[in-house]
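A.B. asks: Give me coordinates for this.
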Amino acid sequence: MRLTLQNHIVCADYGQVHLDARVVGQIINYTAETWQPDRPKKERECNIEQGKIAEEITEQFIRQYYSQELSLKTYDEIRNDDFKKHAPFDFLLWKTGTVNIAFIEEAIRQDIARTPNKFVKLSNVTRRLCRTLGVKIVEVKSTNIRNDLKVESDFTGDYDNVKSVQNCWRRSGVKMMYSVIRS
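C.D. replies: All right, here's what the predicted structure looks like:
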């Protein structure tokens, strides 16, 4: 996937992202619907794929632009539930070279194992361990721009023209993403 950073906007050519269909299927089958219980399965699948793409873009952005300063570990790399429980976050983020997160990973796996239902909740011990070691818990969110909020644009395909890209996003409904970092 090609990423470029222009005026604080991450532009991602995510046409080459290949999602693991098995993982997406497991998430669809086992993740509890927390937003709209009556959503059709196809819509849920599209939303889950969109979320996984946003996660991939965020991960690649950090690895590409901040690899010397920041390290990260995805929840999917840590989890031990075969994607059968709702993920409480998307990845851990910390300053490179400052901490060994093995203790945090083990605490998270224990939290997963102790969870009697689909909703994994990180224990106070795990959260305190993250805070003490300076490890941030990151949740990536993504959304489509609603049709009624889109505006006309004269986008010519020039991705170096940031204003043109912004107008295209407004008009075309390209999926936008942002990350929330909690501690």
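A.B. asks: Double-check residue 10 against residue 54; I have them as touching.
C.D. replies: No - using CB atoms under 8 Å, residue 10 is not in contact with residue 54, being 10.5 Å away. Every C-beta, even on glycine, is put in place using the N, C-alpha and C of the backbone.
A.B. asks: And the helix or strand hosting residue 94, what's buried?
C.D. replies: Element membership for residue 94 (DSSP states H and E) is strand 91-95. Neighbour-count burial for strand 91-95, counted by 16 or more other CB atoms under 10 Å, picks out 91, 92, 93, 94.
A.B. asks: Dump those to JSON lines, plus pLDDT and distance to residue 139.
C.D. replies: As requested, these are arranged in JSON lines below (pLDDT from 0 to 100; distance: CB to CB, whole Å):
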{"residue": "91", "pLDDT": "94", "distance to residue 139": "9"}
{"residue": "92", "pLDDT": "96", "distance to residue 139": "11"}
{"residue": "93", "pLDDT": "95", "distance to residue 139": "11"}
{"residue": "94", "pLDDT": "96", "distance to residue 139": "16"}
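A.B. asks: Pick out whichever of the residues you listed sits closest to residue 113.
C.D. replies: Residue 113 has its nearest neighbour among those in residue 92, at 18.2 Å by CB to CB.
A.B. asks: Confirm for me that that closest one is in contact with residue 76.
C.D. replies: No - counting by CB under 8 Å, residue 92 does not reach residue 76; the two are 11.6 Å apart.
A.B. asks: I'd like to know which of the buried residues of strand 91-95 is nearest to residue 128.
C.D. replies: Out of the buried residues of strand 91-95, the member with the shortest distance to residue 128 (by CB to CB) is residue 92, at 14.3 Å.
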